[in-house]
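Engineer: have a look; sequence and predicted model below, questions after that.
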Amino acid sequence: MYCNNCGKPVEDGIAYCPHCGQPTGKAPANRGNGALSSGQASSNAQTIVTVGTPQSYSNGLATAGFVLSLIGFFFSFSFIFQVLGLIFSIAGIVRAGKVNGTGRGLAIAGLVLGLLAFVPGILFIMLFTGSLLA
Ligand SMILES: [Zn+2]
């Protein structure tokens, strides 16, 4: 038979091509070869991890928290963005703990920015009420 990957002739029943190291696409003959089947199993597990990686590493909450805090910073008077930014950032930090820390930096940045974004709004309100009183 021939290797599915590189097309070179390989021995019948062999699981991995000796030329390119890729699986030949043919299941190994079951002759109680434990080493070969465990190698196959770990190769399958690796494939699952690789496929699952992009999904499990994304942290949309952290991104949302940062963006909302940033909006809150520029629209200081509508505190809703800051509040939402803080909520999403905290959720993003929690989520980062579940996805190997992905997005934690962004979520913390969103949290700090969300807190800072309250300052100009509060200052404005103080100035505004002060000017009303004066
Ligand atoms: Zn090959």
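Structural biologist: Looks like it came in fine.
Engineer: show me what counts as buried in the strand or helix carrying G114.
Structural biologist: Assigned by DSSP states H and E, G114 belongs to helix 104-116. Neighbour counts over helix 104-116 (16 or more other Cβ atoms under 10 Å) mark R104, L106, A107, I108, A109, G110, L111, L113, G114 as buried. In short, each C-beta sits where N, CA and C put it, glycine included.
Engineer: so the residue nearest to the first one when sequence neighbours are not counted is in which element?
Structural biologist: If I follow you right, that is R104. Leaving aside its sequence neighbours, R104 sits nearest to A96 (Cβ to Cβ, 6 or more residues apart in numbering; 3.6 Å). Assessed by DSSP H and E, A96 sits inside helix 79-98.
Engineer: so how far is that helix from its chain's centroid?
Structural biologist: Helix 79-98 sits 15 Å away from the centroid of its parent chain (Cα atoms, centre = their mean, to the nearest Å).
Engineer: near the ion, which residues of this protein?
Structural biologist: Applying Cβ under 5 Å from the ion, we find that the chain lies next to the ion at C3, N5, C6, C17, H19, C20.
Engineer: make it 6 Å
Structural biologist: C3, N5, C6, K8, C17, H19, C20, Q22 (Cβ under 6 Å from the ion).
Engineer: got JSON lines for these, with distance to S131 and neighbour count too?
Structural biologist: Shown next, in JSON lines, are the residues of the chain next to the ion (distance: Cβ to Cβ, whole Å; neighbours: other Cβ atoms under 10 Å):
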{"residue": "C3", "distance to S131": "81", "neighbour count": "21"}
{"residue": "N5", "distance to S131": "76", "neighbour count": "16"}
{"residue": "C6", "distance to S131": "79", "neighbour count": "13"}
{"residue": "K8", "distance to S131": "84", "neighbour count": "12"}
{"residue": "C17", "distance to S131": "80", "neighbour count": "21"}
{"residue": "H19", "distance to S131": "82", "neighbour count": "13"}
{"residue": "C20", "distance to S131": "77", "neighbour count": "15"}
{"residue": "Q22", "distance to S131": "74", "neighbour count": "12"}
